[in-house]
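[1] sequence plus the predicted model coming up.
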Amino acid sequence: MAAPKNTPVAIIDKLNREINAALTNPAMRAKFIEIGGEPLAGSPSDFGRFIAEETDKWSKVVKFTGLKPE
């Protein structure tokens, strides 16, 4: 999940708490997996690190393979 850049911290914190709580529900986790998601609970900074790592990883793949948008 993501929110616009200038979303107030209080709202980000509340969303984070509620989303993490929802992800403890086995039915919710199963539904995410069923639709191809990977339910990962964590903090906003965890999410930022994840996005940075994924961007770095996949940009290397794109550069190595020479992929171009069609």
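    Right, received. Where do you want to start?

[2] helices or strands up against the helix ranked longest in the chain?
    For the chain, the helix that runs over the most residues, judged by DSSP state H, is helix 44-65. In terms of contacts (3 or more CB pairs under 8 Å, 6 or more residues apart in numbering; DSSP states H and E), helix 44-65 is packed against helix 9-22. For the C-beta atoms, the positions are set from N, CA and C on the backbone; glycine is no exception.

[3] quick one: the helix it packs on to helix 44-65, angle?
    80 degrees (axes from the mean of the first three to the mean of the last three CA atoms, to 10 degrees).

[4] and helix 9-22, how far out from the chain's middle?
    From the chain centre to the centre of helix 9-22 is a distance of 13 Å (CA atoms, centre = their mean, to the nearest Å).

[5] and it, what's buried?
    Asn16 (16 or more other CB atoms under 10 Å).

[6] quick one: mean pLDDT over it.
    Averaged over helix 9-22, pLDDT sits at 96.

[7] list the buried residues for the longest helix of the chain?
    Buried residues in helix 44-65 (16+ other CB under 10 Å): none.

[8] okay, it in PDB with CA atoms only?
    Provided in PDB are the C-alpha atoms of helix 44-65 (Å, rounded to 0.1, in the frame of the first residue of the first chain):
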ATOM      1  CA  PRO A  44       6.800   2.900   6.600                       C
ATOM      2  CA  SER A  45      10.600   2.900   6.700                       C
ATOM      3  CA  ASP A  46      10.600  -0.900   6.000                       C
ATOM      4  CA  PHE A  47       8.400  -0.200   2.900                       C
ATOM      5  CA  GLY A  48      10.800   2.600   1.800                       C
ATOM      6  CA  ARG A  49      13.800   0.300   2.100                       C
ATOM      7  CA  PHE A  50      11.900  -2.500   0.200                       C
ATOM      8  CA  ILE A  51      11.000  -0.200  -2.700                       C
ATOM      9  CA  ALA A  52      14.600   1.200  -2.900                       C
ATOM     10  CA  GLU A  53      16.000  -2.400  -2.900                       C
ATOM     11  CA  GLU A  54      13.600  -3.600  -5.500                       C
ATOM     12  CA  THR A  55      14.200  -0.500  -7.700                       C
ATOM     13  CA  ASP A  56      18.000  -1.100  -7.500                       C
ATOM     14  CA  LYS A  57      17.600  -4.800  -8.200                       C
ATOM     15  CA  TRP A  58      15.300  -4.500 -11.200                       C
ATOM     16  CA  SER A  59      17.100  -1.500 -12.700                       C
ATOM     17  CA  LYS A  60      20.200  -3.700 -12.900                       C
ATOM     18  CA  VAL A  61      18.200  -6.400 -14.700                       C
ATOM     19  CA  VAL A  62      16.800  -3.900 -17.200                       C
ATOM     20  CA  LYS A  63      20.300  -2.400 -17.900                       C
ATOM     21  CA  PHE A  64      21.900  -5.900 -18.200                       C
ATOM     22  CA  THR A  65      19.300  -7.200 -20.500                       C
END
